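>>> model this:
(one chain, ligands or ions: 1)
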Amino acid sequence: MTDTTTLTELETVTAVMMGRRTVKQFLAQPVARETLQQLIEVAVWAPNHRLNEPWRFYVLGDGARTQLAKIAGGITQRKILEAGGEATVAERKGTEAGAAWLGVPTLLYITYLTDSNPEINLENYGAVCCAIQNFTLAAHALGIGTSWSSGAVAAAPELHALVGAGAAEQMAGLFRVGYLDPNVTPGSSRRSPGSTFTRWIDEVPVG
Ligand SMILES: Cc1cc2nc3c(=O)[nH]c(=O)nc-3n(C[C@H](O)[C@H](O)[C@H](O)COP(=O)(O)O)c2cc1C
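This is a model prediction of the structure:
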């Protein structure tokens, strides 16, 4: 590989990494099964210690999406009622919350295998996060946006059961996936320079 090739590759991956944003509004068209599978095939090339391959991917079909909408609606409704809100408001907001999830073209639930050994458990979580980043970057390169959700809906035990995830699996995230809408401006984001978080340890006290 020549220096020129390396530079071009670096520019390409940098543009993808820096261009990816959390996206929650998409074109209505769902992402085709073959495309999703292609992205998952890229995702699984993530580093994973002991080659544990701890990731599991669940693509929600229509029936599961309808159930998810009910779960999400129930969570919103309960939250409002517990905070002392009116029943009619709780019901309306619940219905809206469910509809919002149903409006997402494609939903992907990702888990990782837990382990009773905390060292392996941490490695497995690290590995699934690497796979997720692979997935989101490859998706972005295809004009597909993603957003990572880890809140109450993603963490709902009913969702875990709905997709048939095992007791040894832990939710890593629920992902909205869909084609980028050219009429929607990507959300802005910011990062502090990496140098802010870098310490060069050139000298250590003699112990
Ligand atoms: C482990 C993890 C969990 C996240 N959970 C949520 C979430 O529950 N809801 C949400 O809106 N964004 C969630 N995000 C997305 C971040 O908020 C988002 O990446 C951050 O705001 C930076 O924006 P960017 O992705 O456009 O760079 C999560 C990200 C990570 C890595």
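>>> which ones are touching residue 129?
By CB atoms under 8 Å, 6 or more residues apart in numbering, the contact list for residue 129 reads residue 172. To be clear about C-beta, it is placed using only N, CA and C from the backbone, and glycine gets the same treatment.
>>> ok, now how distant is it from the ligand?
7 Å (CB to the nearest ligand atom, to the nearest Å).
>>> Next one, pLDDT for residue 206 please.
Looking at residue 206, its pLDDT reads 87.
>>> I should have written residue 187 there, sorry.
Per-residue confidence at residue 187 stands at 88 (pLDDT).
>>> and it, how many neighbours?
Per other CB atoms under 10 Å, the neighbour tally for residue 187 reads 12.
>>> Could you do residue 191 as well?
7.
>>> Could you pull up phi and psi at residue 129?
Main-chain dihedrals, residue 129, degrees, to the nearest 10: phi -70, psi -40.
>>> and the gap between it and residue 190?
21 Å (CB to CB, to the nearest Å).
>>> buried set for stretch 27-37?
Residues of stretch 27-37 classed as buried: 27, 30, 31, 35, 36 (neighbour count, 16 or more other CB atoms under 10 Å).
>>> Just give me how far stretch 198-207 sits from the chain centre.
Offset of stretch 198-207 from its chain centre (CA atoms, centre = their mean, to the nearest Å): 37 Å.
>>> And residue 103, how close does it get to the ligand?
Taking CB to the nearest ligand atom, one finds residue 103 at 16 Å from the ligand.
>>> Give me the pLDDT value at that residue.
On pLDDT, residue 103 comes in at 97.
>>> got it, and residue 3?
Residue 3 carries a pLDDT score of 62 in this model.
>>> Please name the nearest non-neighbouring residue to the residue positioned nearest the centre of the chain.
Most central in the chain under CA atoms, centre = their mean is residue 148, positioned 3.2 Å from the mean C-alpha point. Leaving aside its sequence neighbours, residue 148 sits nearest to residue 173 (CB to CB, 6 or more residues apart in numbering; 4.7 Å).
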